[in-house]
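[1] Just the structure for this:
(chains A, B, C and D)
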Protein chains: 2
Amino acid sequence: MRTHKADLLTGVILAIFRTNGRLLSNGDVLVSPFGLTSARWQVLGAVALSDAPLSAPQIGAAMGITRQGSQKQIKLLVEEGLLESRPNPANRRSPLYALTKRGRRIYADLDRTQARWADQLAKGLAVEDLAAAKRVLDLVSERLEVSSGRAARS
Amino acid sequence: MRTHKADLLTGVILAIFRTNGRLLSNGDVLVSPFGLTSARWQVLGAVALSDAPLSAPQIGAAMGITRQGSQKQIKLLVEEGLLESRPNPANRRSPLYALTKRGRRIYADLDRTQARWADQLAKGLAVEDLAAAKRVLDLVSERLEVSSGRAARS
DNA sequence: TGGGAGTTGACAACCGGTTGCCAATTGATG
DNA sequence: CATCAATTGGCAACCGGTTGTCAACTCCCA
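    I've put the predicted structure just below:
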């Protein structure tokens, strides 16, 4: 009943689960010297890569999580002085968030650390394999999004 | 500073995060008609694929999680009548777990459902791409395990 | 035979995410 | 202008995983 390809895909899926877990563990180790966690780092990234300050729901959307999830981390980052809130002219209740000076500095450091880490990890991987992996992951991800109907509906 | 390959790898990593999340969501949808969750399904799989009944730590190891994590799910599966515990001749405190008749039936149904789902999802994916993706994921996963020093130390 | 090291279960606390709910604000519509 | 739907924050509960702790059991070795 199972196709050869379906079996291969099942193997890939199990490898995704395993790799995902290890990436998260390693990511935490990578950022812990900066007093951060993977989740907090991802929030900083969303804000850093944006042209303008973002609201909590926008940050959640950029990260692919719910607004409540992003709000938990935002609150902590503000307390730690890496993020600051600014009045939102468009919505009195929903402030916008930007990196503080310290947030920018830490994010830049982290970015360099991550670059070195990725360089090291990429050694021995073939460019064509990486591209193929990206194609597989993107196609699977796209199909699952459509079938789960979670977003981008219209 | 960043290599081309490192950039490609970063893209793959982000795709892994996204795909992982969607796989879990879709998995839950897939198994919810059976009154299960992805985590519970994975426990059933570990037991079903084993020749002999397994202890809680063995199930955790097979799933790549801690024994405490597996014990949470095992407890629930026993309560739901899909798993049964048997005395462990080798350890009085640590029972072995096997599928009940009902557990076997549900797992077999689930396996057919998953096969159909994987067949569908595999359409349009090239065999070579799948193999390449597996290579990338396995190598990354292996390197992260070694560098994080989580297991298999000697 | 004894004792110490490792395994295991049970429990509690935490983390990062989710859902559900409610109140305040916003914006569009009649 | 009034009203109603959608967005948003805040809170609480839950889920699946983690770590940490402690006591009971098992095993190995002197």
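[2] A:Met63 versus the residue most central in space within chain A, what's the distance?
    Central residue of chain A (CA atoms, centre = their mean): A:Gln42, 4.7 Å from the mean position. Plainly put, A:Gln42 is 5 Å away from A:Met63 if you go by CB to CB, to the nearest Å. For the C-beta atoms, the positions are set from N, CA and C on the backbone; glycine is no exception.
[3] Would you state the helices of chain A in chain order?
    Applying DSSP state H to chain A gives helices spanning A:4-31, A:38-48, A:56-63, A:67-79, A:101-122, A:127-148.
[4] Is DNA strand C within reach of the second one?
    Yes - counting by CB under 7 Å from any atom of the strand, DNA strand C has neighbours in helix A:38-48: A:38-40, A:42.
[5] Now render the residues you listed as a markdown table, adding pLDDT.
    Formatted as a markdown table, the residues of helix A:38-48 next to DNA strand C follow (pLDDT from 0 to 100):
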| residue | pLDDT |
| --- | --- |
| A:Ser38 | 94 |
| A:Ala39 | 95 |
| A:Arg40 | 96 |
| A:Gln42 | 95 |
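[6] Quick check: of those residues, which lies closest to DNA strand D?
    Distances from DNA strand D to the residues of helix A:38-48 next to DNA strand C, taken as CB to the nearest atom of the strand, are shortest for A:Ala39 (11.1 Å).
[7] For that closest one, give me its contacts.
    With contact taken as CB atoms under 8 Å, 6 or more residues apart in numbering or on different chains, A:Ala39 is in contact with A:Gln73.
[8] ok, now how distant is it from chain B?
    11 Å (CB to the nearest CB, to the nearest Å).
[9] What about the closest residue to A:Ala118 other than its chain neighbours, how many residues nearby?
    Excluding the flanking residues, the one nearest A:Ala118 by CB to CB, 6 or more residues apart in numbering or on different chains is B:Ala6, at 3.9 Å. Residues contacting B:Ala6 under the criterion other CB atoms under 10 Å in any protein chain shown number 22.
[10] Next, see if the worst-scoring helix or strand of chain A on mean pLDDT gets close to chain B.
    Here the helix or strand of chain A ranked lowest by mean pLDDT, DSSP states H and E is helix A:127-148, holding a mean of 86. Yes - counting by CB under 8 Å from any CB of the partner chain, chain B has neighbours in helix A:127-148: A:127-141, A:143-145, A:147-148.
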